[in-house]
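**Q** requesting a structural model of the entry that follows:
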Amino acid sequence: MTKRRKAREMALQLLYQLDVRGADDPAPYEADFWAEHGADGDTRTYARTLVSGTKANQPAIDDLLGRVTEHWELDRMAVVDRNILRLAVYELGWQPDVPPKVAINEAIEIAKKFGTRESSRFINGVLDRVGKELRPAS
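**A** Predicted coordinates for the structure are as follows:
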């Protein structure tokens, strides 16, 4: 597993915890999280970047997801799926160094590991629409 994949998985886990707790600021939870989930410096740094960027841009991310997910309200999505989508949309929209295909493929693979049998297909469809909106030339 690459360091970035590990970072994405750890970011998902922290985002999940924040979502369940209704928390916007990861700072009060990070020390316990990292004590429980050991990671090297690069992995931890990228995971923190993903979490802080996702949380900082969550209103815009959620607005975009609301527009592209017809008949799906964010609060009715599975918590895992919702946070995989948020994380991937952050990479698509705010991390230009991450190619769209990489962001989408990583999200699909993480969904296969953490989501339901249907999660990967659902996430693929949503992110395909998001990718076309955020990076139409890609």
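
**Q** which residues sit in contact with the residue nearest the centre of the chain?
**A** The chain has residue 87 as the residue nearest its centroid, 1.7 Å off, counting by C-alpha atoms, centre = their mean. Neighbour list for residue 87: 8, 11, 12, 15, 50, 54, 107 [criterion: C-beta atoms under 8 Å, 6 or more residues apart in numbering]. Any C-beta I mention is one placed from the backbone N, CA and C, and that applies to glycine too.

**Q** list the buried ones in the host helix or strand of residue 65?
**A** Here residue 65 sits within helix 58-68, counting by DSSP states H and E. Neighbour counts over helix 58-68 (16 or more other C-beta atoms under 10 Å) mark 58, 61, 62, 64, 65, 68 as buried.

**Q** including pLDDT, could those residues go into JSON lines?
**A** Putting those into JSON lines (pLDDT from 0 to 100) gives the following:
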{"residue": "58", "pLDDT": "96"}
{"residue": "61", "pLDDT": "97"}
{"residue": "62", "pLDDT": "96"}
{"residue": "64", "pLDDT": "95"}
{"residue": "65", "pLDDT": "95"}
{"residue": "68", "pLDDT": "92"}
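
**Q** please consider this matter closed, and thank you.
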